[in-house]
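Asks: Whatever this is, show me its structure:
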Amino acid sequence: MASIPKVAVLVGSLRKESFNRRMALALAEMARGTLDLQQVAIGALPLYNQDLDATPPPEWTAFRDAVKACDALLFVTPEYNRSVPGVLKNALDVGSRPYGHSVWGGKPGAVISVSPGAIGGFGANHHLRQSLVFLDVPTLAQPEAYLGGAATLFDAEGHIASEGTRGFMQKFLDAFAAWIALHRRATP
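Replies: Alright, predicted model coming up:
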């Protein structure tokens with residue numbers, strides 16, 4: 001019997017009451033038994049600076065080790081200025097270096113964007129996908145997940161409030177689990 005895939009969840013918002021963090025937590029609960037979604041913190045990562053590659057800060061090493069230990073990647077992000085937040089871009093940079101030692105390569109991934117606006121973070125979602133192509137992260141293409149109206153997505157307990165949205169996110173999780181099974185590397 002195959003083990004439950006361990007998925008590193010990177011939330012692009014540092015805000016305590018982040019809609020994206022709420023979505024990540026709701027999905028972790030929904031996926032229990034199928035996918036092991038584990039948030040990997042990115043807020044304390046020092047900015048990437050190539051001068052530090054020889055003696056990386058301990059936060060970089062811990063982050064890289066946490067991502068390496070996972071089978072797949074889930075990015076849950078808001079949109080800032082039609083792109084991803086700087087904290088998420090920094091995490092991508094830290095994980096991709098030093099050259100030839102990227103923690104991203106070959107790990108199957110998926111992207112969800114959550115936003116108060118009507119277009120649901122479309123710009124961030126697609127901008128992130130461009131970086132993931134370069135980082136060799138085979139990224140789930142369908143279903144795409146752009147969730148607008150974030151202020152009304154959750155009930156008081158943090159669950160997804162709408163049955164329709166819950167159903168859609170379950171389809172997303174099922175497709176992601178199948179994507180991971182298709183692309184998962186065998187552990188040596």
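
Asks: So what sits opposite the residue positioned nearest the centre of the chain in the bridge?
Replies: In the chain, the centroid-proximal residue (Cα atoms, centre = their mean) is F75; its distance is 1.6 Å. As for beta bridges, F75 partners with L10, V111 under DSSP bridges.

Asks: surely it meets W104?
Replies: No: here F75 lies out of contact with W104, judged by Cβ atoms under 8 Å, at a distance of 10.8 Å. C-beta here means a position set from N, CA and C on the backbone, and glycine is covered the same way.

Asks: Show me the strands in the chain, by range?
Replies: Here the chain has its strands, by DSSP state E, at 6-11, 36-39, 72-77, 109-114, 145-147.

Asks: And the residue nearest to S102 when sequence neighbours are not counted, how far from W104?
Replies: Spatial nearest neighbour of S102, chain neighbours left out: S96 (4.5 Å); criterion: Cβ to Cβ, 6 or more residues apart in numbering. Separation of S96 from W104 (Cβ to Cβ, to the nearest Å): 6 Å.

Asks: Spit out the residues that contact these two alike.
Replies: Taking Cβ atoms under 8 Å, 6 or more residues apart in numbering as the criterion, S96 and W104 both touch L135.

Asks: so L92 makes contact with F134?
Replies: No: contact criterion Cβ under 8 Å: L92 and F134 do not qualify, at 9.4 Å.

Asks: So between these two, which is more surrounded?
Replies: Between L92 and F134, counting by other Cβ atoms under 10 Å, L92 is the more crowded of the two (22 against 11).

Asks: which residues touch the closest residue to the more buried one other than its chain neighbours?
Replies: Of all residues not flanking L92 in the chain, S131 sits nearest, at 5.7 Å (Cβ to Cβ, 6+ apart). When contacts are counted by Cβ under 8 Å, 6+ apart, S131 touches V84, K89, L92.

Asks: Low-confidence ranges, the chain, go.
Replies: 1-2, 185-188 (pLDDT under 70).
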